[in-house]
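Engineer: Here is the input, now give the coordinates:
(chains A and B)
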Amino acid sequence: MHELSLVLNIIDIAEEEVKKAHAHRVDAIDLEVGSLAGVEIDALKFSWDAAVKDTVLEKAERTIDQVQAVARCSNCGCEYLVHEPFEPCPACNEVLVEYLKGKELRVKSLVVS
Amino acid sequence: MCATCGCDQPGGVTITKVGDQVFKPITPSAILHQHPAPAVQETKRIELERDILGKNNRSAKHNRFHFEEAGITALNLVSSPGSGKTTLLEATLKTIKHQQHCYVIEGDQQTTHDADRIAATGCEVVQINTGKGCHLDAEMIHRALHQLNPQPHALVFIENVGNLVCPAMFDLGEKARVAIISVTEGDDKPLKYPDMFESSQLCIINKIDLLPYVNFSVARAKAFAHQVNPKIEFIELSATSGQGMDEWLAWLNNLVNASHQMQTVNAFTHEV
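Structural biologist: Residues are numbered from 1 along each chain as shown, chains lettered A, B, ... in the order given. Predicted coordinates:
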């Protein structure tokens, strides 16, 4: 359940930004999670509720933007949406791919007050 | 749960050097939460684009820098519980301890059982108990290294918590990640837990002396691992019977030599 560690890291980031902005709390937070980031969204939400209690994120409205993975084939250069992890290239069946999107794990923005 | 200090009630992370009388708990002291109230109140939008794992990645980079500077080879051993990581380490240390300075960092939720086994081989060892945590992170390794204080050119084995999911996300600053599966597990482990095999450089298939008694296909396991990581290398061995251990020791030796060479090149670059 590494999602709890991730939430604790998000709280650290939020606390830091609130302090920098001389604010009291976070009203809204926007996260970006790629489909290949190794994060179970339900586990993240479950950990969130327990972890943000008594923190600047307790009342924050949370948005999670899920990013669909996109790969580029190292053989033929074809770019395609990845639905299954390690899906081979649909054009030439090569498995050596470079991921252009899908590994994101970021705090995109915060609204503080 | 404190978000400022990350403490998690009693049962937080502890790091113990085997042989030390005193436990040195890492649990932060900020148990009473008096976070100062900021002054101004207005709404402000902050565009961040900050990596959630940024803190761990910075610590990992710091560890890696120190390893490379001292020509130390650090390995992150990952597997599910019961794959034989500790037995493999015991067998390895017994064979190479007279030629190579070795240190071990053991990660488990509870107990110093594994660290005690390693200490019995004569190797210096630190046990990290993660409490409720399911993986080691780079900051824990940093603190453990301060207790171990490894010599230059040493080989540091980090035995991660037995878990094929969570440790995959946390870079510790290692030179190589080694995934270990044993033939008493399913040969489809690489497909079931792809992140771990994708991020490893070597896959050890352990307990091959038991192959006649189990329904495990080495060829299938390798094909599945190749599917998620076409560059992964394999070594088949039995830490108990010793079969295949020579290949593993040769692999380690090559890696140690590569660390020494890198240190020489880096030192030269800095001088220039």
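Engineer: would B:Ser83 count as being in a helix?
Structural biologist: No - looking at B:Ser83 with DSSP: H, G, I helix; E, B strand; the rest coil, it is coil, so not inside a helix.
Engineer: can you map out the helices along the stretch 151-272 of chain B?
Structural biologist: B:189-192, B:194-198, B:218-228, B:245-271 (DSSP state H, counting those that start in this stretch).
Engineer: so of these, which one's packed in deepest?
Structural biologist: helix B:194-198 (a mean of 24; mean count of other Cβ atoms under 10 Å in any protein chain shown). Yep, even glycine has a C-beta here, placed from its N, CA and C like the rest.
Engineer: which other helices and strands contact that one?
Structural biologist: Using 3 or more Cβ pairs under 8 Å, 6 or more residues apart in numbering or on different chains; DSSP states H and E, the elements in contact with helix B:194-198 are helix B:218-228.
Engineer: Is the helix it packs on in proximity to chain A?
Structural biologist: Yes - using Cβ under 8 Å from any Cβ of the partner chain, helix B:218-228 reaches chain A at B:His226, B:Gln227, B:Val228.
Engineer: Now do the contacts for the residue in the stretch 151-272 of chain B positioned nearest to chain A.
Structural biologist: The nearest approach of the stretch 151-272 of chain B to chain A comes at B:Cys166, 3.7 Å away (Cβ to the nearest Cβ). B:Cys166 makes contacts with A:Met1, A:His2, A:Ser5, B:Cys134, B:His135, as judged by Cβ atoms under 8 Å, 6 or more residues apart in numbering or on different chains.
Engineer: Strand partners (parallel or antiparallel) of the helix or strand bottoming out on mean pLDDT in chain A?
Structural biologist: Across the helices and strands of chain A, mean confidence by mean pLDDT, DSSP states H and E is lowest for strand A:97-101: a mean of 88. Note on strand A:97-101: by DSSP bridges, its sheet partners are strand A:70-73 (antiparallel).
Engineer: Tell me the buried residues in the helix or strand that the strand it pairs with is followed by?
Structural biologist: The element immediately downstream of strand A:70-73 (helix or strand, assigned by DSSP states H and E) is strand A:79-81. Buried residues in strand A:79-81, counting neighbours by 16 or more other Cβ atoms under 10 Å in any protein chain shown, are found at A:Tyr80.
Engineer: among the helices of the stretch 151-272 of chain B, which is nearest A:Ser35?
Structural biologist: helix B:194-198 (12.3 Å; Cβ to Cβ).
Engineer: For the closest one, give me every contacting residue.
Structural biologist: Helix B:194-198 has contacts (Cβ under 8 Å, 6+ apart) with A:38, A:85-86, B:78, B:164-165, B:167-169, B:179, B:189-190, B:203, B:225, B:228-229, B:232.
Engineer: tell me the mean pLDDT for it?
Structural biologist: Averaging pLDDT along helix B:194-198 yields 91.
Engineer: Now find how far off-centre it is within its chain.
Structural biologist: For helix B:194-198, the separation from the chain centroid amounts to 15 Å (computed by Cα atoms, centre = their mean, to the nearest Å).
Engineer: Now for residue 103, how many residues are close by?
Structural biologist: You didn't say which chain, so I picked chain A. 14 (other Cβ atoms under 10 Å in any protein chain shown).
Engineer: Let me rephrase: I mean chain B.
Structural biologist: Using other Cβ under 10 Å, B:Tyr103 is surrounded by 23 other residues.
Engineer: Report whether the expected contact of it with B:Cys123 is present.
Structural biologist: Yes - using Cβ atoms under 8 Å, B:Tyr103 makes contact with B:Cys123 at a distance of 6.8 Å.
Engineer: does any bit of stretch B:53-65 sit next to chain A?
Structural biologist: Yes - using Cβ under 8 Å from any Cβ, stretch B:53-65 reaches chain A at B:Leu53, B:Gly54, B:Lys55, B:Asn56.
Engineer: Nearest residue to the most centrally placed residue in chain A in space, please, no chain neighbours.
Structural biologist: Central residue of chain A (Cα atoms, centre = their mean): A:Val33, 2.3 Å from the mean position. Residue nearest to A:Val33 in three dimensions, not counting chain neighbours: A:Val39, with 5.3 Å by Cβ to Cβ, 6 or more residues apart in numbering or on different chains.
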